[in-house]
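Student: need coordinates for the below:
(2 chains)
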Protein chains: 2
Amino acid sequence: MFESAEIGHKISKSDYRKAVPALRSALLEAQIELYEARKIPVVVLISGQDGAGKGETINILYEWMDPRFISTLAFAQPTEEESDRPVMWRYWQSLPPKGRLGIFAGSWYSDPIRQSIEGEITPEELDARADQINRFEAMLVNEGALVLKFWFHLTRDAQKSRLKALANDPRTAWRVTQWNWDRLKTYNKLQETAGHFLRMTNTPWAPWVVVDGSNDAYRSLTVGQVLLNSLKAKLAEKAIPVSLVAPMVRVDMDGRNVLSTLNLEKKAASADYANELAHWQGRLSELVRDPRFQGRSLVCAFEGADAAGKGGAIRRICAAMDARQYRVVPVAAPTDEERAQPHLWRFWRHLPRRGHVTVFDRTWYGRVLVERVEGFCSENDWLRAYTEINDFEHELTDAGSIVVKFWLQISQEEQLRRFQEREKIAFKRFKITDEDWRNREKWDAYQQAVCDMVERTSTGRAPWTLVEANDKKYARVKILRTLCERLEEEFKGRASSGKVKDVGKKSEKSAKGKKS
Amino acid sequence: MFESAEIGHKISKSDYRKAVPALRSALLEAQIELYEARKIPVVVLISGQDGAGKGETINILYEWMDPRFISTLAFAQPTEEESDRPVMWRYWQSLPPKGRLGIFAGSWYSDPIRQSIEGEITPEELDARADQINRFEAMLVNEGALVLKFWFHLTRDAQKSRLKALANDPRTAWRVTQWNWDRLKTYNKLQETAGHFLRMTNTPWAPWVVVDGSNDAYRSLTVGQVLLNSLKAKLAEKAIPVSLVAPMVRVDMDGRNVLSTLNLEKKAASADYANELAHWQGRLSELVRDPRFQGRSLVCAFEGADAAGKGGAIRRICAAMDARQYRVVPVAAPTDEERAQPHLWRFWRHLPRRGHVTVFDRTWYGRVLVERVEGFCSENDWLRAYTEINDFEHELTDAGSIVVKFWLQISQEEQLRRFQEREKIAFKRFKITDEDWRNREKWDAYQQAVCDMVERTSTGRAPWTLVEANDKKYARVKILRTLCERLEEEFKGRASSGKVKDVGKKSEKSAKGKKS
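Tutor: Here you go, the predicted model:
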């Protein structure tokens, strides 16, 4: 990968001065077109060896382009805020919106390479990180982004002379530390590790551009020209490139599915309800104050048909917790700012810190439910979303989050009854809109989408719990109980079994047992 | 993933008998259309728990469809032939050609799951296998295949009763061994491992279809119907789905590249040539008979412009080896049989066993050289090929192969001289055709393609060696020396540095040293 960067590229100062004006104005023009179209976010990663000109290049890009539409993001050791969340969280926070350029000085590549060199992760773990990065970048490109990855290369000798030159110049001496000199000693190790990691992440959708870093003029012109050509190519694209998807093939041989086989007649015994509710709320309150929860976090996802009782259930959960510890995020149509980002961005931004709880009232599953059924996104978009969502939840659980997902199922008749009731009661009337009645007409399509969702996204680490919700009391108790039992299980470190947890029977008994 | 398969699906025998005739004739019809179009290979994986009906289902598919166009491939422990080659070799050998169905009973999923359960591989290694499989299947789909992956699921109780039923029936009792009963004991472990592995390989391009295996009628009809619907959807596709690729952006700021900076004037000292050649041939002869080579294999790849001297160099290599140990594979236009397979298939089939050598005269790089330049494949095809090729060579080196790749570079003038010479000499005239003259007109496009190829596919494990070949003698000695030194390095287990090995200088000295 480094061969072209080692043949000794060089551009003279006069050639450089001659080339810059045209390049600058072309870059500015492309940048304006990019901004006005507001369709493409541009992610530029500047990485490579110490002293290979990363900082200089970023400064030149600012000089050449309109800095109002560029943001530069430098990542060092994660802050406390950051290390309390999944590894990729801080990068998600920093993604440029559509129409803008985000320049990453240090990126999702820095940590894995450093950790591998320092022996903190095994070669297999390094490869797993490469795979995670590849999927992340594929998602970005699928969401319309241009991802440009530069690696500035220096031979060992060139690196040494550049470090010396920097150290000898009083204006730059401060940039050279003992750390840099030490790193020079491990040049071969870095080359080997970076070479391997670059090869593993050199995907068709986001290939690396390796640039000789030894000559300033050559490096700057090359980066500028690659950026310009890539911007132009991307702006000229007729459509966002589609990813490889197999069409959804669903057969229904016996008319039975995970929703149709739920027994919606399940009811809480009215006499017990208050006791049971209090019991599980008390238990939940203990669990989220348990010292073992301090290193974890809880992400609750609520989905269900309109009027299925999500709000009521969420209030029962929150009643058991301190308001400083949890946050409820109601998910409606995305804001302008959210629409300018990949579809999962608006969920990443609300992820809880360690020791905290976020309850999502509707979730990232919108893409495979409402957006699929209503045609708000393309088939390609929702077909690839299952994997993206699984990856997202995988990253959450990897970082210690406990992900609990509820689907609240009611019958069509029960929904009708609740709609009519809402229309009668003044203070509930705001809850029912024309849209609710329209959605109702697509009942079957929604049920189908829910079955596909459960099949593809109920995983060992983040299983779905299907809740029989015709009886609100029964549903609330089951939800609280599931939450508590899940937290207990996670504290024990028990492996999960990879299936939807219908913990109903067993737990009803144990709950009764506790009361007697 | 297993929830729908656990709700207890059932179809009565009479319903089954009613449904089969229509399904059968529709399947046959689709199969004929598939065969006549000869565009799509169909890969069907039948996997899942013991006793879940894998064998029965395969038999039924044979009964329902035309067995002449189906092949079934059962994989048990690898044979000696197989274990002497990369893990995926035996699956490549078994891929169905376009227009046909290949049913895999046991597949690339069986070993990783078993090895993980038995603790032979770590969770990270398991995930790395998932990633490898995902890229393999993406390649298949990119090459036009329909990949259908069935997983037959049973609850623990259902598995137990099915094993009992099989054991009690004298016609099937032989199929139940102690191994099956032992496996039942580790049901949870299998569920957990398989659940995780299925989730990691549940890609948008090749998603899993999980089927309840407990009821024969339900399982058979479901598999038949999914196969039918998928075939129909695939046959109706207007074009092969394209994968996500970034366009090739190449900038050339100073006119220098890895080819233009080669010193083609390098010459072997005529007086030394015979000695040097003999020296390195002798050394090579020793190295391939070295006991340390018995666990390895050698794959030599030769590329270069027409008349660059590949044939002559290859003959000098072969002269050093026993004809039973090596094989030269000249690569021309693909045969019909090869055209019905993914583009790498024709190279997989010629891979050497342990202790053996294959020399490819032109290689898998044809896709990013001649096919790219001449437009024999789509841009999407060659853009994704770099990664596919890197994956291919990665699998080779993982399996202990030593991959040595030579690009023979001559100047345009030298090529012209050789062409004219060939036309003059009767016994060389067959070597020069109109096509050679046409290719010559595309010199620049080919040079460009070679630079891109080196940049994207020269890896630490499989670096390119660029050979200055205007002087044939110099080229031959350099090639032989590189081969020997590479073998020595590999025997020492020295890590490779991730860059093109131009071992010229250092080695010239050492070669001389040896002679003095």
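
Student: list the buried ones in the helix or strand containing A:R315?
Tutor: Taking DSSP states H and E as the definition, A:R315 sits inside helix A:310-318. Using 16 or more other C-beta atoms under 10 Å in any protein chain shown as the test for burial, helix A:310-318 gives A:310, A:313-314, A:316-318. All C-beta spots, glycine's among them, are computed from the backbone N, C-alpha and C.

Student: in these, find the pair that's most separated.
Tutor: The largest separation in these, counting by C-beta to C-beta, is between A:K310 and A:C318 at 12.4 Å.

Student: hmm, back to that, how about the buried residues of helix A:310-318 in TSV, adding pLDDT and distance to A:S260?
Tutor: Output for those, formatted as TSV (pLDDT from 0 to 100; distance: C-beta to C-beta, whole Å):
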residue	pLDDT	distance to A:S260
A:K310	95	21
A:A313	95	22
A:I314	94	26
A:R316	94	27
A:I317	94	28
A:C318	92	32
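
Student: which stretches of the stretch 301-450 of chain A have low pLDDT?
Tutor: Along the stretch 301-450 of chain A, the parts satisfying pLDDT under 70 run over A:426-432.

Student: which positions in it make contact with chain B?
Tutor: Contacts of the stretch 301-450 of chain A with chain B, taken as C-beta under 8 Å from any C-beta of the partner chain, map to A:383-384, A:386-387, A:390.

Student: swap the cut-off to 10 Å and go again
Tutor: A:380, A:382-388, A:390-391, A:393-394 (C-beta under 10 Å from any C-beta of the partner chain).

Student: ok, of these, which one's closest to chain B?
Tutor: A:R384 (4.4 Å; C-beta to the nearest C-beta).

Student: tell me the phi and psi of A:W464?
Tutor: Main-chain torsions, A:W464, degrees, to the nearest 10: phi -80, psi 140.

Student: check A:A320 too.
Tutor: Torsion angles, degrees, to the nearest 10, at A:A320: phi -90, psi 0.

Student: could you report the neighbour count for it?
Tutor: By the criterion of other C-beta atoms under 10 Å in any protein chain shown, A:A320 has 21 neighbours.

Student: how about whichever strand or helix holds A:V44, does it reach chain B?
Tutor: Take DSSP H and E as the rule and A:V44 turns out to sit in strand A:42-48. No - Strand A:42-48 lies out of reach of chain B by C-beta under 10 Å from any C-beta, never closer than 12.0 Å.

Student: give me the sheet partners of that strand and which way each runs.
Tutor: When pairing is defined by DSSP bridges, strand A:42-48 lines up against strand A:101-105 (parallel), strand A:146-153 (parallel).

Student: return the distance of the shortest one from the chain's centre.
Tutor: Spelled out, it's strand A:101-105. Centre-to-centre, strand A:101-105 and its host chain are 18 Å apart (C-alpha atoms, centre = their mean, to the nearest Å).

Student: also stretch A:137-157?
Tutor: Offset of stretch A:137-157 from its chain centre (C-alpha atoms, centre = their mean): 18 Å.

Student: tell me the mean pLDDT for that stretch?
Tutor: Stretch A:137-157 carries an average pLDDT of 91.
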